[in-house]
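> Give me coordinates for this.
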Amino acid sequence: MSLLKINVDRVRDENGDVKRMFMKVSNIKGGASSLRSGIEAGIVARRNIGYRLVKSNQALAELERRLSELDSFVLQSAERYWDTEKRLAVQASSIRGLESKGSSFFGKLFSDLESSVRESDLGKLLAYGMYEYTHPTYRTPAEYIKQIAELLKQVAISNAATYKDPNIIVNDNISASGFVKVIDKGVTYYGGDQGWFSRETQRFGGCGPTAAANILAYMAMNDPKLAKLYGYDLTNITKSDYQKFMEEVYEFVTPTETPFVSDRSDQGKSSLGLPPSLGITSLSKFAGGVEDYAQSKGVNLKAHWSNEEPTFDNAVSYIRSALAWNKPVALLNMFDGVDMQYTDPKNNAIRSTTYEQHWVTITGMTEDKKTGEVTLEVSTWGSKGTINFNELWDSDWTSKFFPEGIIYFDLLKES
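As a prediction, the model looks like this:
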């Protein structure tokens with residue numbers, strides 16, 4: 001697990017030498033006692049021989065005692081280390097995925113780790129005993145404590161990144177591939193942004209067409225038979241090309257624009273307090289638009305509708321199946337907003353917003369089998385975001401909305 005473990009293992013291995021030394025000293029001590037008892041009193045009295053034998057025996061007894069303490073110390077230290085290692089593994093599991101919370105979290109964590117090592121019995125044992133035996137290069141116990149804290153920091157970082165909790169199921173085939181990387185001036189976007197449309201009305205209600213464009217582009221990238229869904233360079237998706245592509249998709253996946261108000265909005269005039277667009281509120285309209293766009297490119301796509309009972313588990317299963325087949329899922333939430341966090345691609349800042357009346361593209365899902373919590377990874381506004389699906393279902397999703405809120409697409413097999 002760490003360099004610290006290697007040192008402890010070496011000490012435990014070499015502890016056999018300590019035991020052998022202990023036995024040898026005990027034998028010498030026993031022999032010295034027998035020798036003294038067998039010497040005549042007159043000889044013992046000469047030149048302080050008796051006194052010197054007694055002192056030698058005492059010295060051997062002291063050495064025997066110290067070797068016994070060293071043996072106990074090694075065993076206790078090893079046991080304390082293994083106990084600490086187990087607790088570290090648990091702690092590493094608990095901090096997995098929290099890197100995005102910021103450096104302040106880890107700064108405090110490492111500070112707490114260093115303090116706990118300094119104040120713990122393990123820290124004292126290592127600092128005032130074992131460090132002399134295993135790390136003779138450290139001049140003071142304080143230096144060794146500092147090294148221990150650094151090793152623990154490395155262990156925590158490594159475990160946070162690599163620890164695999166058997167209760168956590170991560171489906172990130174799509175997101176791990178980078179999804180749809182749109183490049184512009186050194187910035188890499190995670191899919192398209194409705195803010196790239198040319199008209200204000202489109203920018204206001206264009207989340208549906210954007211989600212559709214994301215799905216179509218990803219399918220074109222990952223299946224040669226579907227490459228013509230995206231009529232531009234798939235090896236270098238630029239913002240300029242993607243804007244044109246989104247405009248093409250908008251002609252088929254078209255939100256309901258508010259008459260008169262949309263014109264005023266596009267001209268930069270007041271919308272009179274009314275929305276210039278109502279967006280797309282019907283999943284069937286969304287699906288039909290995607291199918292029509294694909295047909296215009298000579299591709300037969302078909303929306304994959306679910307006939308299962310509208311339950312949370314069935315919804316999760318539907319999304320899981322789509323992602324397993326490497327197919328992004330469109331998601332619509334109309335009412336009762338829930339929290340959503342996303343990463344700004346321009347500066348990697350973590351931002352929070354309320355997710356409501358908005359289409360996103362599901363690109364990944366994490367399931368915690370122990371707690372039942374399901375987290376969706378989505379593309380929205382050219383960013384990668386996360387949504388708690390449990391909260392979304394509890395707040396808004398009733399039977400009349402399923403499967404009216406999630407949909408993915410299959411290539412229709414030719415007869």
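
> can we go C-alpha only for contacts and neighbour counts from here?
Will do.

> what's residue 332 sitting at in phi/psi?
phi -120, psi 130 (degrees, to the nearest 10).

> Can you report how many residues lie near it?
Look at residue 332: counted by other Cα atoms under 10 Å, it has 24 neighbours.

> beta partners for it?
residue 359 (DSSP bridges).

> Please apply the same query to the one 10 residues further on.
For residue 342, the residues forming beta bridges with it (DSSP bridges) are residue 351, residue 385.

> how about it, what does it touch?
350, 351, 352, 380, 383, 384, 385, 386 (Cα atoms under 8 Å, 6 or more residues apart in numbering).

> and the gap between residue 354 and residue 63?
Relative to residue 63, residue 354 is positioned 71 Å away (Cα to Cα, to the nearest Å).

> Now do the end-to-end distance for stretch 258-271.
Stretch 258-271 end-to-end distance (Cα to Cα) = 10 Å.

> which of the residues in that stretch are buried?
258, 261, 262, 263, 264, 265, 266, 271 (16 or more other Cα atoms under 10 Å).

> what sits up against it?
199, 200, 201, 272, 274, 275, 276, 277, 278.

> Spatially, which residue comes closest to the fourth one, not counting chain neighbours?
Using Cα to Cα, 6 or more residues apart in numbering and skipping residues adjacent in sequence, the residue nearest residue 272 is residue 261, 7.5 Å away.

> where are the low-confidence patches of this protein?
1-57, 60, 64, 67, 70-71, 73-165, 395-404, 414-415 (pLDDT under 70).

> how many other residues sit next to the closest residue to residue 386 other than its chain neighbours?
In space, and not counting its chain neighbours, residue 386 is closest to residue 377: 4.6 Å by Cα to Cα, 6+ apart. Neighbourhood size, residue 377 [other Cα under 10 Å]: 26.

> which residues touch residue 377?
Applying Cα under 8 Å, 6+ apart, the residues contacting residue 377 are 362, 363, 364, 365, 384, 385, 386, 387.

> mind pulling up the phi and psi values for it?
Given degrees, to the nearest 10, the pair of backbone angles that residue 377 has is phi -100, psi 130.

> Distance check, it against residue 368.
14 Å.

> Next: residue 336.
24 Å.

> Likewise for residue 248?
Residue 248 is 39 Å from residue 368, by Cα to Cα.

> what packs against the helix or strand residue 387 falls within?
When elements are assigned from DSSP states H and E, residue 387 belongs to strand 383-388. Under the contact definition 3 or more Cα pairs under 8 Å, 6 or more residues apart in numbering; DSSP states H and E, strand 383-388 sits against strand 187-190, strand 338-343, strand 374-380.

> For the helix or strand just after it, list every residue counted as buried.
As assigned by DSSP H and E, the chain's next helix or strand after strand 383-388 is helix 389-395. Using 16+ other Cα under 10 Å as the test for burial, helix 389-395 gives 389, 390, 391, 392, 393.

> Next: stretch 351-365.
355, 356, 357, 358, 359, 360, 361, 362, 363, 364, 365.

> tell me the angle the strand holding residue 387 makes with strand 338-343.
150 degrees (axes from the mean of the first three to the mean of the last three Cα atoms, to 10 degrees).

> hmm, back to that, is the residue nearest to residue 386 bridged to anything, and to what?
residue 364, residue 386.

> what about the strands in the chain?
168-171, 181-184, 187-190, 256-257, 277-279, 301-304, 329-333, 338-343, 350-355, 358-368, 374-380, 383-388, 406-411 (DSSP state E).

> which of the helices and strands packed on strand 383-388 sits most buried?
When you average the neighbours per residue for each of these (mean count of other Cα atoms under 10 Å), strand 374-380 leads with a mean of 24.

> coming back round to it: nearest to residue 289, out of the strands of the chain?
Checking the strands of the chain against residue 289 by Cα to Cα gives strand 301-304 as the closest, at 10.3 Å.

> so what does that closest one touch, helix or strand wise?
helix 283-296, strand 406-411.

> any chance of those in TSV, with distance to residue 346 and mean neighbour count too?
As requested, the helices and strands packed on strand 301-304 are exported to TSV (distance: least, Cα to Cα, whole Å; neighbours: other Cα atoms under 10 Å):
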stretch	distance to residue 346	mean neighbour count
helix 283-296	30	19
strand 406-411	29	20
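
> can you put those in CSV and add distance to residue 341?
As requested, these are exported to CSV (distance: least, Cα to Cα, whole Å):
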stretch, distance to residue 341
helix 283-296, 24
strand 406-411, 20
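
> Tell me which of those sits nearest to residue 344.
The nearest among these, by Cα to Cα, is strand 406-411 at 24.7 Å.

> Now do that closest one against strand 329-333, angle only.
160 degrees.

> Outside of strand 406-411 itself, list whatever touches it.
Against strand 406-411 from outside (Cα under 8 Å, 6+ apart): 283, 287, 299-305, 322, 327-332.

> Go again with 6 Å.
Strand 406-411 is contacted from outside by 300, 301, 302, 303, 304, 329, 330, 331, using Cα atoms under 6 Å, 6 or more residues apart in numbering.

> how close does the fourth one get to residue 369?
Spelled out, it's residue 303. Distance from residue 303 to residue 369, by Cα to Cα: 29 Å.
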